[in-house]
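sequence? don't have it. structure:
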């Protein structure tokens, strides 16, 4: 495969992507795990001539498209949201994220 995208942010999954790509391939790291990412030895990238760019994972246009799809009922996001808070509890939502209470993978604030 020419391109592998990694969405977890762990050394193990980055390594799996590096092993999976063909010479001159590209491994795009999108995932941001809780622990710092340790890269593989540079020789791995040099020998296979692999590039390892990072991606923040979204653009303004991409977010606008996601909102449009969700608003039209064409994209169900419910299974990805772990906690939902009303706007007046936004500080509690941030506390859940900061202190990692209840495995807050995705938190939504409703208006």
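Sure, I can see it. It should be emphasised that the depicted structure is a prediction, and the values quoted were computed from it without experimental measurement.

Centroid-nearest residue for the chain?
Nearest to the geometric centre of the chain sits residue 31, at 3.6 Å (Cα atoms, centre = their mean).

Give the buried residues for the longest helix seen in the chain.
Using DSSP state H to define each element, the chain has its longest helix at helix 60-71. By 16 or more other Cβ atoms under 10 Å, helix 60-71 has no buried positions at all. Quick note: C-beta positions are derived from backbone N, CA and C, even for glycine.

And the helix or strand following that helix, what does it pack against?
Note on helix 60-71: by DSSP states H and E, the next helix or strand toward the C-terminus is strand 83-86. Here strand 83-86 touches helix 90-99, strand 107-110, going by 3 or more Cβ pairs under 8 Å, 6 or more residues apart in numbering; DSSP states H and E.

Give me the buried positions along the first one.
By neighbour count on 16+ other Cβ under 10 Å, the buried set for helix 90-99 is 93, 96.

now that helix: how far from the chain's centre is it?
Computed by Cα atoms, centre = their mean, to the nearest Å, the separation of helix 90-99 from the middle of its chain amounts to 19 Å.

for stretch 101-111, same thing?
On Cα atoms, centre = their mean, the centre of stretch 101-111 falls 15 Å from that of its chain.

hmm, who's touching it?
The set of residues external to stretch 101-111 that reach it, using Cβ atoms under 8 Å, 6 or more residues apart in numbering, is 80-87, 89-90, 93, 95-97.

Give me the residues contacting the lowest-mean-pLDDT helix or strand in the chain.
Between all helices and strands in the chain, the lowest mean by mean pLDDT, DSSP states H and E belongs to helix 60-71, at a mean of 78. By Cβ under 8 Å, 6+ apart, the surrounding residues in contact with helix 60-71 are 75, 77.
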